[in-house]
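**Q** Here is a sequence with its predicted model. Questions after.
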Amino acid sequence: MEATNEFLTRIPHGSDGKRRWPLELKARIVAETLIEGATVNGVAKRYGLIPSSVSDWRRMARTGKLVLPNLDGMDFVPVQIEGPKPLEVVPAPPINLTCVELLKGGVTIRLAVDTPAARIAETAL
C-alpha cells in the first residue's frame, strides 16, 4: 500500500487541487477491475478513488473512449453473435383502385385507373 501511495503523489493536480488522471492510467485501473476476483470497490480503494469514478471510466472503456491494456489474469466473456432472424413477410391487402385522384389548387381531378402515366404527369403540372 505504501508503494501505491507514493505512486499517487506523482499524479498531476489541477489548480482546483483535483488529481488529473492520465488516460493510460485510467485504462490500467479499469483493466484491473476486469481481473478475476477484483472488484470496483477494491481497486478504487487501492488507488484512493471513489468507486463511482472507476465506474465512469469503465463506461468510457465500453464506449471506446479508453483503450485497455492486456493484463495477466484479465478474462473476457466469450461473445456469441446471433444470426439474423428471418423477416416475417405480411402480404399487403389488395388495393381496388377505381380512379386516380390528383389535388391541384384546391380542385380534385379524378382520372380513370387505366390513364397512361404520361397523361397523369401532364395533368399534375
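**A** Right, received. Where do you want to start? Numbering: from 1, shown residues only.
**Q** burial count for Ala44?
**A** For Ala44, the count of nearby residues is 20 (other C-beta atoms under 10 Å). C-beta coordinates here come from the backbone N, C-alpha and C atoms, glycine included.
**Q** what's it in contact with, if anything?
**A** The contact partners of Ala44, by C-beta atoms under 8 Å, 6 or more residues apart in numbering, come to Ile50, Pro51, Ser53, Val54.
**Q** one more time with 6 Å, if that's ok
**A** Counting by C-beta atoms under 6 Å, 6 or more residues apart in numbering, Ala44 touches Pro51, Val54.
**Q** just checking, it is part of a helix?
**A** Yes. Counting by DSSP: H, G, I helix; E, B strand; the rest coil, Ala44 is part of a helix.
**Q** Low-confidence ranges, this structure, go.
**A** 1-10, 12-15, 17, 71-79 (pLDDT under 70).
**Q** all helices of it, in order?
**A** In the chain, helices defined by DSSP state H lie at 2-8, 23-33, 40-46, 51-62, 117-124, listed in chain order.
**Q** Name the stretch among those helices that sits most buried.
**A** Per-stretch averages of neighbours, counted by mean count of other C-beta atoms under 10 Å, single out helix 23-33 among the helices of the chain, with a mean of 18.
**Q** Next, name the residue at the spatial heart of this structure.
**A** Centroid check for the chain by C-alpha atoms, centre = their mean gives Thr63 as the closest residue, at 6.5 Å.
**Q** Ramachandran angles for the closest residue to Leu97 other than its chain neighbours?
**A** Spatially, and ignoring its direct neighbours in sequence, Leu97 is nearest to Val113 (4.7 Å; C-beta to C-beta, 6 or more residues apart in numbering). With angles defined as degrees, to the nearest 10, Val113 shows backbone torsions of phi -60, psi -20.
**Q** my read: Val113 touches Ile95, true?
**A** No. The pair formed by Val113 and Ile95 falls short of the contact definition of C-beta atoms under 6 Å, at 10.2 Å.
**Q** Before I go, just wanted to say thanks for your time.
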